[in-house]
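Participant: Got a sequence here, can you model it:
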Amino acid sequence: MRKKTVYWVPKLGALALLSMLFMACSALVRVVWACGEPALSRAVFWFQVVLPLAANVVFVLTLLESHRDRLYRTAIAVWMGCVFFAVKALGFPSLVHTVLCLGLYALVAALYTATVTGRVPSQVPLWFLFGLPMLYHIFVEDTRKVGWPVHDWLPEISVLCCMASLLLVSLAMKKRPVEPGTYLRRFGDRNDGRRLRKLSPIFAVSPYIMKTRNTSQNFVADEIEITAMEKYIHEKRREGMKRFGALHVLLAAYVRTCARYPGLNRFIAGQRIFTRDREIEVNMTIKKEMATDSPDTVIKVTFDPADTADMVYERFNARVREVKDAPADTSFDKLAGAFNLIPGLLLKAFVFLLQAADYFGLLPRFLTKLSPFHGSLYITSMASLGIPPIYHHLYDFGNVPVFCSMGKKRRVYEVQRDGGVVTRKYLDCNFVTDERIVDGFYFASCMRYLHGLLDDPWQLDQPPEEIVRDE
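Facilitator: I've put the predicted structure just below:
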């Protein structure tokens with residue numbers, strides 16, 4: 001069922017920042033309380049210290065990262081907090097008080113989730129749900145605790161900070177206008193992809209059996225006859241597109257193939273299959289200068305399935321010029337440099353945390369946009385090095401499902417049926433694919449369609465007649 005109402009926090013204004021501050025204060029106060037307790041049982045430690053702390057941290061990080069497009073994910077932290085409160089309520093001396101509190105916590109979890117997932121058309125009920133209990137605590141319950149030691153007040157302050165935080169975020173959230181036909185994200189989707197939920201069981205199960213990309217990769221050696229491609233390239237260069245080459249044609253053909261066969265733009269993450277829809281992210285390693293001591297950097301270009309060859313050329317070359325003409329390091333270089341400052345053992349632990357976060361779709365979008373390990377395709381050209389294409393492995397970190405390696409052009413003398421000999425030019429391309437995203441017949445259909453485009457590249461001058469949506 002799709003959401004009919006979408007809530008978001010358009011920007012991290014005063015209310016949202018105060019909400020995060022109150023939630024962080026709740027965590028800090030609980031840590032201070034726990035440190036002052038002489039002895040904590042294992043159950044109290046896990047359910048009254050670790051669980052609420054985890055809820056506080058998850059709420060702050062989720063609100064910070066997903067406030068614009070996936071506010072519904074904050075419901076995870078709210079449910080964690082409600083479990084903490086429910087466990088706490090089980091120790092109340094009054095049975096009536098316990099039952100009333102359990103009902104309230106269940107209502108909080110249900111109503112907050114129903115609201116942020118779009119099933120409640122107004123956020124106003126949340127104002128009363130969080131505001132009234134907070135006022136009750138301050139003016140009724142807490143008046144009975146006057147004279148308590150400061151240490152005994154800390155859990156109550158922590159609870160009040162949580163209530164204030166949730167009240168503020170419910171005041172900060174707004175309804176977002178949604179155009180008809182727009183896909184509305186829901187639980188299970190990532191910030192870089194939409195989960196596919198209608199796949200056949202074999203595809204749903206295969207990522208659990210073939211757990212990594214490296215153990216699920218297939219190798220395809222392909223050769224492309226480039227007579228038509230070279231004519232097309234010469235025409236484009238005469239039109240003023242300097243350095244228009246085989247790489248641009250291959251990229252344009254790949255983008256067009258994704259428009260017809262969107263399964264090529266899927267990826268595996270957390271043992272689930274996702275699609276990028278209309279974002280085709282292509283990564284490529286380049287050198288600023290053709291010298292052995294010139295450092296490598298990675299560019300990432302995002303294409304749309306409707307792009308023509310001219311658009312692909314402009315997008316790709318603009319990104320290359322941006323990197324090569326920049327006197328300073330690129331964002332990717334700065335990120336890699338920051339990682340390089342971390343000592344070895346700590347870096348190993350840090351990478352493990354990144355992998356765990358990526359598994360659950362918790363990596364911020366700015367990181368996946370910079371990462372060369374996340375994308376639709378990784379392409380490399382061996383032609384500039386004058387060597388044949390290699391079979392490049394897929395990365396277990398990240399989610400790139402296809403790696404393409406282009407070789408240099410080669411001449412072949414072929415004997416015709418009449419006994420005559422003709423000279424043809426070929427471009428070798430090796431593909432390494434993650435076999436879990438689609439089946440062999442689908443890959444074969446993609447390759448046939450790709451060859452059809454490369455045999456008649458003038459088709460790439462016009463937008464596709466139809467862009468197929470992945471289901």
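Participant: Identify the structural domains in this structure and state their residue ranges.
Facilitator: Listed by automatic domain parsing, the domain ranges of the chain are 7-175, 194-461.
Participant: Ok, which of the ones you listed comes nearest L184?
Facilitator: domain 7-175 (7.0 Å; C-beta to C-beta). Bear in mind the C-beta positions are built from the backbone N, C-alpha and C, glycine included.
Participant: How far does the closest one sit from its chain's centre?
Facilitator: 28 Å (C-alpha atoms, centre = their mean, to the nearest Å).
Participant: where does the stretch 1-150 of the chain dip in pLDDT?
Facilitator: 1-4 (pLDDT under 70).
Participant: Surely S216 and D434 touch.
Facilitator: Yes. With contact defined as C-beta atoms under 8 Å, S216 counts as touching D434 (5.5 Å).
Participant: between these two, who's got more neighbours?
Facilitator: D434 (23 against 19; other C-beta atoms under 10 Å).
Participant: my read: that one touches N214, true?
Facilitator: No. Counting by C-beta under 8 Å, D434 does not reach N214; the two are 9.5 Å apart.
Participant: got any residues that touch both of those two?
Facilitator: Shared contacts of D434 and N214 (C-beta atoms under 8 Å, 6 or more residues apart in numbering): L394.
Participant: can you confirm V159 is in a helix?
Facilitator: Yes. Assessed with DSSP: H, G, I helix; E, B strand; the rest coil, V159 lies in a helix.
Participant: confidence score at it?
Facilitator: Looking at V159, its pLDDT reads 94.
Participant: Leaving out chain neighbours, which residue sits closest to it?
Facilitator: Counting by C-beta to C-beta, 6 or more residues apart in numbering, V159 lies nearest to H137, which is 7.2 Å off, once chain neighbours are set aside.
Participant: Isn't the one you found up against C162?
Facilitator: No. Using C-beta under 8 Å, H137 makes no contact with C162, being 10.8 Å away.
Participant: Which one of the two is surrounded by more residues?
Facilitator: C162 (27 against 16).
Participant: From F130, how far out is that one?
Facilitator: Look at C162 and F130: by C-beta to C-beta, to the nearest Å, they are 9 Å apart.
Participant: try V421
Facilitator: Applying C-beta to C-beta, the value for V421 to F130 is 83 Å.
Participant: So which of those two has more stuff around it?
Facilitator: Comparing V421 with F130 by other C-beta under 10 Å, the one with more neighbours is F130, at 23 against 8.
Participant: So for the strand or helix carrying the more buried one, what gets flagged as buried?
Facilitator: Using DSSP states H and E, F130 sits within helix 124-136. Buried residues in helix 124-136, defined by neighbour count with 16 or more other C-beta atoms under 10 Å: 126, 129-131, 133-134.
Participant: Dump those residues to JSON lines, plus distance to M382.
Facilitator: Putting those into JSON lines (distance: C-beta to C-beta, whole Å) gives the following:
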{"residue": "L126", "distance to M382": "58"}
{"residue": "L129", "distance to M382": "62"}
{"residue": "F130", "distance to M382": "60"}
{"residue": "G131", "distance to M382": "64"}
{"residue": "P133", "distance to M382": "65"}
{"residue": "M134", "distance to M382": "65"}
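Participant: Which of those residues sits closest to L453?
Facilitator: L126 (52.2 Å).
Participant: what's the closest non-adjacent residue to that closest one?
Facilitator: Leaving aside its sequence neighbours, L126 sits nearest to S170 (C-beta to C-beta, 6+ apart; 3.8 Å).
Participant: List the residues that contact that neighbour.
Facilitator: Taking C-beta under 8 Å, 6+ apart as the criterion, S170 is in contact with 115, 123, 126-127, 130.
Participant: mind redoing it with 6 Å?
Facilitator: By C-beta atoms under 6 Å, 6 or more residues apart in numbering, the contact set of S170 is 123, 126-127.
Participant: would you list those in TSV and tack on distance to D189?
Facilitator: Below are the contacts of S170 laid out as TSV (distance: C-beta to C-beta, whole Å):
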residue	distance to D189
Q123	22
L126	23
W127	28
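Participant: all strands of the stretch 351-471 of the chain, in order?
Facilitator: Assigned strands in the stretch 351-471 of the chain, in chain order: 377-381, 402-415, 421-434 (criterion: DSSP state E, counting those that start in this stretch).
Participant: Buried ones in the last one, by neighbour count?
Facilitator: The neighbour-count check on strand 421-434 (16+ other C-beta under 10 Å) flags 426-434 as buried.
Participant: Nearest to S405 among those residues?
Facilitator: Nearest to S405 among the buried residues of strand 421-434, counting by C-beta to C-beta, is N430 at 4.7 Å.
Participant: That closest one and A253: what is the separation?
Facilitator: 16 Å.
Participant: so M284, which of the three states?
Facilitator: Here M284 is strand, with the state taken from three-state DSSP.
Participant: quick one, what contacts it?
Facilitator: Listed by C-beta under 6 Å, 6+ apart, the contact partners of M284 are 299, 379.
Participant: any idea how far it lies from T380?
Facilitator: Remark: distance between M284 and T380 (C-beta to C-beta) = 7 Å.
Participant: what about the closest residue to I138 other than its chain neighbours, neighbour count?
Facilitator: The spatial neighbour of I138 that comes closest, neighbours along the chain excluded (C-beta to C-beta, 6+ apart), is L160 at 7.2 Å. Neighbourhood size, L160 [other C-beta under 10 Å]: 20.
Participant: do Y232 as well
Facilitator: 21.
Participant: which residues touch it?
Facilitator: P457.
Participant: Identify the residue nearest the residue nearest to the spatial centre of the chain in space, chain neighbours excluded?
Facilitator: Of all residues in the chain, the one closest to the mean position by C-alpha atoms, centre = their mean is D192, 3.1 Å from it. Leaving aside its sequence neighbours, D192 sits nearest to T368 (C-beta to C-beta, 6+ apart; 4.9 Å).
Participant: With T380 instead?
Facilitator: Nearest to T380 is S405, by C-beta to C-beta, 6+ apart, at 5.3 Å.
Participant: Distance-wise, check that neighbour relative to K425.
Facilitator: To K425, S405 is 18 Å away according to C-beta to C-beta.
Participant: try Y395
Facilitator: 32 Å.
Participant: same for the helix holding F130, what does it pack against?
Facilitator: helix 150-172 (3 or more C-beta pairs under 6 Å, 6 or more residues apart in numbering; DSSP states H and E).
Participant: Would you reformat the domains of the chain as a markdown table and include distance to T182?
Facilitator: Output for those, formatted as a markdown table (distance: least, C-beta to C-beta, whole Å):
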| stretch | distance to T182 |
| --- | --- |
| domain 7-175 | 12 |
| domain 194-461 | 11 |
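Participant: Quick check: which of those domains is nearest to G181?
Facilitator: Between the domains of the chain, domain 194-461 lies closest to G181; by C-beta to C-beta that is 12.7 Å.
Participant: So what's the gap between the closest one and the chain middle?
Facilitator: Worked out by C-alpha atoms, centre = their mean, domain 194-461 lies 17 Å from the chain centre.
Participant: How many residues are close by D296?
Facilitator: For D296, the count of nearby residues is 11 (other C-beta under 10 Å).
Participant: let me fix that: F187
Facilitator: 12.
Participant: What of Y254?
Facilitator: 23.
Participant: tell me which of the buried residues of helix 124-136 is nearest to N317?
Facilitator: N317 has its nearest neighbour among the buried residues of helix 124-136 in L126, at 49.6 Å by C-beta to C-beta.
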